[in-house]
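Visitor: here are the coordinates; sequence isn't available:
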């Protein structure tokens with residue numbers, strides 16, 4: 001059988017490559033035997049792509065992934081065989097999103113001190129300690145500093161516990 005090839009229109013930053021129209025039409029034909037390549041997408045006439053998957057058409061993506069898709073009636077597509085699915089599971093791993101990195105509990109607690117009200121309490125406490133240091137005859141600034149610091153620590157601790 002003659003192979004029909006044409007350049008695939010690409011994004012300006014993507015290289016131009018050729019798509020084997022015979023192979024793509026076989027994947028769109030539900031009566032054609034379900035062929036899937038065993039190693040890479042080169043067997044489908046589609047080179048490895050550097051483009052993001054979301055920029056590909058369904059037809060190109062099906063050829064690139066080696067998955068037969070009936071484009072006219074996707075629900076009638078044969079899908080992967082059990083053996084192919086197991087081979088891809090071993091090769092690619094499970095179809096799961098990578099979990100976000102865990103944030104240390106200490107960092108979560110210390111972030112509570114970044115709240116503007118907590119910063120205001122800390123500044124008030126520090127200024128009170130400075131005022132007491134300037135004039136140690138008056139004890140009131142020391143008590144104000146202690147109360148501001150205690151309120152700040154208590155509020156941050158309770159907020160951390162509630163956000164759990």
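Guide: Sure thing, it's come through. All figures in this text were calculated on a predicted structure; none of them were measured in a lab. Residues are numbered from 1 along each chain as shown.

Visitor: got the contact list for residue 152?
Guide: Residues in contact with residue 152 (Cβ atoms under 8 Å, 6 or more residues apart in numbering) are 113, 118, 121-122, 125. Heads up, the C-betas are built off the backbone N, CA and C, glycines and all.

Visitor: Narrow those to those in helices?
Guide: Counted as lying in helices by DSSP state H, out of the contacts of residue 152, are 118, 121-122, 125.

Visitor: one step back: want to throw the contacts of residue 152 into CSV with distance to residue 65?
Guide: Formatted as CSV, the contacts of residue 152 follow (distance: Cβ to Cβ, whole Å):
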residue, distance to residue 65
113, 49
118, 51
121, 57
122, 55
125, 60
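
Visitor: between those, which is nearest residue 59?
Guide: Lowest distance from residue 59 to the contacts of residue 152 (Cβ to Cβ) belongs to residue 113, with 54.6 Å.

Visitor: who's in contact with the closest one?
Guide: Neighbours of residue 113 in contact, by Cβ under 8 Å, 6+ apart: 119, 122, 152, 156.

Visitor: would CSV of those residues with pLDDT be doable?
Guide: Shown next, in CSV, are the contacts of residue 113 (pLDDT from 0 to 100):
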residue, pLDDT
119, 94
122, 95
152, 96
156, 95
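
Visitor: export those to JSON lines and tack on distance to residue 61?
Guide: JSON lines is the format used below for the contacts of residue 113 (distance: Cβ to Cβ, whole Å):
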{"residue": "119", "distance to residue 61": "50"}
{"residue": "122", "distance to residue 61": "54"}
{"residue": "152", "distance to residue 61": "55"}
{"residue": "156", "distance to residue 61": "49"}
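
Visitor: and of those, the nearest to residue 83?
Guide: Residue 83 has its nearest neighbour among the contacts of residue 113 in residue 156, at 56.3 Å by Cβ to Cβ.

Visitor: so which strand or helix has the closest one?
Guide: In this assignment (DSSP states H and E), residue 156 forms part of helix 140-163.

Visitor: list the buried ones in that helix?
Guide: 141, 144-145, 148-149, 151-153, 155-156, 160 (16 or more other Cβ atoms under 10 Å).
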